[in-house]
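> okay, sequence plus prediction incoming.
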Amino acid sequence: MEYDFRAIENNWRKFWAANKTFKVTEDTSKPKYYVLDMFPYPSGAGLHVGHPLGYIASDIYARYKRLQGYNVLHPMGYDSFGLPAEQYAIQTGQHPALTTEENIARYRDQLDKIGFSFDWDREVRTSSPEYYKWTQWIFKQLFDSWYNPKTNKAESIDTLIAIFEFQGSSGVELVILTGDIEKDVMPFSAEEWKAFSEKKKLEILMNFRLAYLGESYVNWCSALGTVLANDEVVNGVSERGGHPVERKLMKQWSMRITAFAQRLLDGLGTIDWSESIKETQRNWIGRSEGASIRFSVLGHEHSIEVFTTRPDTVFGVSFVTLAPEHELVEKITTESHKNEVLSYVEKAKNRSERERQADVNTISGVFTGAYVKHPFTNEKVPVWVGDYVLVGYGTGAVMAVPAHDERDFKFAKHFGLSCKQVILPSTEHNIQEAAWTEKEGKIINSDFLNDLTVKDAIRKAIEQITSNGFGKGRVNYRLRDAVFGRQRYWGEPIPIYYKDEVPYGIKEVDLPLTLPEVDKYLPTEDGEPPLARASNWKHENQFEYELSTMPGWAGSSWYFLRYLDPKNENEFVGRDKVEYWKNVDLYIGGSEHATGHLLYARFWTKFLFDRGLISFDEPFQKMINQGMILGRSSFVYLVIGENKFVSYSLKDNFICAPIHVDISMVDNDKLNIEAFRNWRPDYKDAEFICEEDGSYICGNEVEKMSKSKYNVQTPDELVEKFGADTLRMYEMFLGPLEQTKPWDTKGINGVHNFLRKLWRLFHDSESKVSISNEAPTKESLKTLHKTIKKMTDDLDRFSFNTGVSNFMICVNELTEQKCNNKQILTELIIMLSPYAPHISEELWVKLGKQPGTISTAQFPLFNEEHLAESSFDYPVSFNGKMRFKVNLSLSLSPKEIEVEVLKMDESSKWLEGKTPKKVIIVPGKIVNIVV
RNA sequence: GCGGAUGUGGUGAAAUUGGUAGACACGCCAGACUUAGGAUCUGGUGCCGAGAGGUGUGCGGGUUCGAGUCCCUCCAUCCGCACCA
């Protein structure tokens, strides 16, 4: 029987589905292992060969762990809320749920063809009410929680109420961590608190909730009609669609992720992720240490608080700059400067993010006419407004030290402001030409800081600032609170209703708050979100619901927990389940989620941990980011002005333009001219200038896979042509998992031929099964155990590509040995089954085993004895260059080896009569002779 | 500008701790076979050279008996962040 992969794969797919081979339950007799893929958004385009790359790797690892005796959880689901389905709905009127359903069916079909060992009974879909009930429930927990800076964890809002009832806010160092400016709470006593109206109490509490409604600058995208989180804005335009984004002061639901900034940073030290992702998260969190200093405004009760990382340069301050949006700008500007300042602020506000970013080199600003008092010298310091100061970072105000900050320097030069040097540079430097920004040198002109090093001066300055009450040491984070509301239809409704304009959380028994039906998926005429179109949609038939929905990352921030207990109707996850499975051991997915999903999931996990709902505070212990697979585009060359195409090698003789041609019409760079003619009516009568052999050769280029480049390779076609096992192995064989690599179908034959060669090991020349029951030869045992060792090592370090070549070497050797030994082949096939499960199942049965039991067989154990050698082919080097080899017994001592080697004819040739200066012998490795 | 990663044949790549550079494949060359199959088998294939041999892991230096691997300088490519005080 020939290797009929279509029949084989079809049979085993059915077998696994019918027998639920990969269904898994908690089993305390086995250690657990949780292997997770980033679940896909089911888009209308379906999967291309790049998508399953990570799934194949995780599936191999999951199967490997099963063979090692672990109880492996390996689930799959869909991140099924999202923009494309909604936009399709706007265009066609088709309900997004329907589109989503269809896309999921297609995805499932594609995934099934590749033979993954998912436990499909655990599938989750973020858009199903059974799932989002619990997304809403977690939102409500966040709404009902605050971050206690004293205990450094999230607590129930009740503990805050208890504090207020007991002692009010006075005497308690309570801060609102808005992430922007720390404001002291309006002081009140316990008695006052108790006397406040319910509305007033709730307003105060809103300042503390982890999910809160607050006014802040948000990214508003008018083209999409919604706000966006920072990670959804790339280079000043929306990540999806590339629409312009502006900053707008709006009341929005937000998540107080900033409260967790330090723990999100610290946690990175405890998880096994790539350095680049960890670094990206560190950048995103952007911790910087320094001080906040208050400068009191002359003639006002106000004071300006600045944040600086260089308190050592405080004596070098020559002006203070406010961001145009800073709330004090309006209040302190003097009458004579009002017009100028207001028009500057107006102009700055109307500039989009993108314009502002594109224009970083233009210096602009305006004097307010106001002055502040320098806290130490009491000198008058002018206050300016400048758009190089960002309202969202630090306090939105800076103390400008032109001598030691590049931007301050440029600003001062541009406006002719004074400049005072306070650090003596440690190397040659002209302070007139550029700022000295290094943290090196000696402090001068600075009273009590004089003669200190920068490092010591920073410490001393903070000390003095604090003891004089001018400010304090402060850690600042770049991280902003995450905007959580979206003015869209296809997302989880935020479980909030309004009574007397105050938001209330919906009671748990009333969840889920399901998406209402609407007539259109567009905003209303008055600019309200689509949910405003729902008729009779009121809480208890009288209270308005919140009309925003949750962002895409809500459902994906906790889905890994729902897999543990997907059908639980009473809890988001059962206590016993989460205690058994705990967090994800291995997470595989793309690195594009570094500052989005991966940060939010960590945040929610830490929150759930604090609230005692789970027992770990990092979701993904180890993560591997698979690289992108690039497409290989093919080109034909159209002679300009003619309907004539010229072959690749002749194209330079003409003036021609390359045109993308569908790769399905190209085989090994050779164009199928007939297919091309039929592609487009214009090409029907085209002329072709071919190579000498009459073929038309296409050019090619490696670029991102996309429909418009006609270079998309779908897994379905390849499964049809070569089988799933070949596709799985080939995707792994392509190169290291984490690397970006070009897709090239040419090499797939090599892997396919390997599987055929393997098949032949089990069959005789008449294609009949032929397996020997005799004892294996020493040689075959050596081949086998060499492979066991390499396979184990390679899988343990996720080197899937070298794993494939190990199998090739093994099968090549066994073929040479004409080995059809049952024992050898059995162990080989167990090792192969994670990579090529279908053929392995088939051959397993041919070896006389029970169908389906290979997935729970025991992974072969390496026995060193079979590799024992009595001699070794020593490479002999002269001055580090390998010259010849000599086979010597491994029992020889270094001295004996030296004698043996030196008396050889080959040696005397290279010694040229000289005596060796030195002979290095590493037993079992190398001989090096220094002449 | 800051940070991260990567540079090895015609191509994808391998070399886990410093120890035979290019495993395994693709492609190509030569040959065999034939039930003409994206089949199988044999041999060859880094570069220069007829050969002996020389040379070779982005460039230049260093450490070492020995460097793709460690250290320093530089170059190139990709990714992330960026007026962040």
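That came through fine. Residues are numbered from 1 along each chain as shown, chains lettered A, B, ... in the order given.
> any idea how far the residue of the stretch 501-650 of chain A found nearest RNA strand B is from residue A:478?
The stretch 501-650 of chain A approaches RNA strand B most closely through residue A:595 (5.9 Å), counting by CB to the nearest atom of the strand. C-beta coordinates here come from the backbone N, C-alpha and C atoms, glycine included. Residue A:595 is 11 Å from residue A:478, where distance means CB to CB, to the nearest Å.
> now do residue A:790
Residue A:790 is 45 Å from residue A:478, by CB to CB.
> between these two, who's got more neighbours?
residue A:790 (20 against 17; other CB atoms under 10 Å).
> okay, the more buried one: pLDDT?
Residue A:790 is assigned 95 on the pLDDT scale.
> nearest spatial neighbour of it, chain-adjacent residues omitted?
Excluding its sequence neighbours, the residue lying closest to residue A:790 (CB to CB, 6 or more residues apart in numbering) is residue A:806, at 4.6 Å.
> remind me, longest helix of chain A?
In chain A, assigned by DSSP state H, the helix with the most residues is helix A:778-796.
> one step back: overlap of the contact sets of residue A:595 and residue A:478?
residue A:284 (CB atoms under 8 Å, 6 or more residues apart in numbering).
> before we move on, back to that, go ahead and confirm the residue nearest to residue A:790 touches residue A:793.
No - between residue A:806 and residue A:793 there is no contact under CB atoms under 8 Å: 9.4 Å.
> for chain A, give me the ranges with low pLDDT.
By pLDDT under 70, the weakly predicted segments of chain A are A:1, A:170-185, A:352-354.
> who touches the residue in the stretch 451-600 of chain A that RNA strand B sits nearest to in this structure?
Closest contact between the stretch 451-600 of chain A and RNA strand B, by CB to the nearest atom of the strand, is at residue A:478 (3.8 Å). By CB under 8 Å, 6+ apart, the residues touching residue A:478 are A:283, A:284, A:285, A:286, A:287, A:288, A:393.
> how much space separates it from residue A:394?
Counting by CB to CB - residue A:478 and residue A:394 are separated by 9 Å.
> and residue A:490, by the same measure?
Taking CB to CB, one finds residue A:490 at 37 Å from residue A:394.
> in the sheet, who's paired with the closest residue in space to residue A:373 that isn't next to it in sequence?
Sequence neighbours aside, residue A:296 is the residue nearest to residue A:373 in space, at 5.4 Å (criterion: CB to CB, 6+ apart). Beta-bridge partners of residue A:296, counted by DSSP bridges, are residue A:303.
> tally of neighbours for residue A:296?
For residue A:296, using other CB under 10 Å, the count is 15.
> same check, this time on residue A:626
Residues near residue A:626, counting by other CB under 10 Å: 26.
> for it, grab phi and psi.
Taking degrees, to the nearest 10, you get phi -70, psi 150 for the backbone angles of residue A:626.
> next up, the contacts around the closest residue to it other than its chain neighbours.
Setting aside the residues directly before and after it, residue A:626 is nearest to residue A:54 in space (CB to CB, 6+ apart), at 4.0 Å. Remark: with contacts taken as CB under 8 Å, 6+ apart, residue A:54 is in contact with A:37, A:38, A:588, A:589, A:590, A:624, A:626, A:737.
> now for those: which two are most distant?
A:38 and A:737 (14.0 Å; CB to CB).
> up against RNA strand B, what does the stretch 601-750 of chain A have?
Contacts of the stretch 601-750 of chain A with RNA strand B, taken as CB under 7 Å from any atom of the strand, map to A:667-668, A:721, A:733-736, A:739-742, A:744, A:746-747, A:749-750.
> in helices only, show me the residues you listed.
Using DSSP H, those in helices are A:721, A:733, A:749, A:750.
> can you map out the helices along the stretch 501-650 of chain A?
Ranges of helices in the stretch 501-650 of chain A, per DSSP state H, counting those that start in this stretch, are A:553-556, A:559-562, A:575-581, A:597-610.
> got JSON lines for those, with distance to residue A:131 and mean neighbour count too?
JSON lines is the format used below for the helices of the stretch 501-650 of chain A (distance: least, CB to CB, whole Å; neighbours: other CB atoms under 10 Å):
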{"stretch": "helix A:553-556", "distance to residue A:131": "7", "mean neighbour count": "25"}
{"stretch": "helix A:559-562", "distance to residue A:131": "6", "mean neighbour count": "24"}
{"stretch": "helix A:575-581", "distance to residue A:131": "16", "mean neighbour count": "16"}
{"stretch": "helix A:597-610", "distance to residue A:131": "15", "mean neighbour count": "23"}
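> could I get those as TSV with distance to residue A:459?
Converted to TSV, those look like this (distance: least, CB to CB, whole Å):
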stretch	distance to residue A:459
helix A:553-556	40
helix A:559-562	43
helix A:575-581	45
helix A:597-610	31
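> mind checking the end-to-end distance for stretch A:226-239?
Counting by CA to CA, to the nearest Å, you get 13 Å between the two ends of stretch A:226-239.
> can you pull the buried residues of that stretch?
A:226, A:227, A:228, A:229, A:230, A:231, A:232, A:233, A:236, A:237, A:238, A:239 (16 or more other CB atoms under 10 Å).
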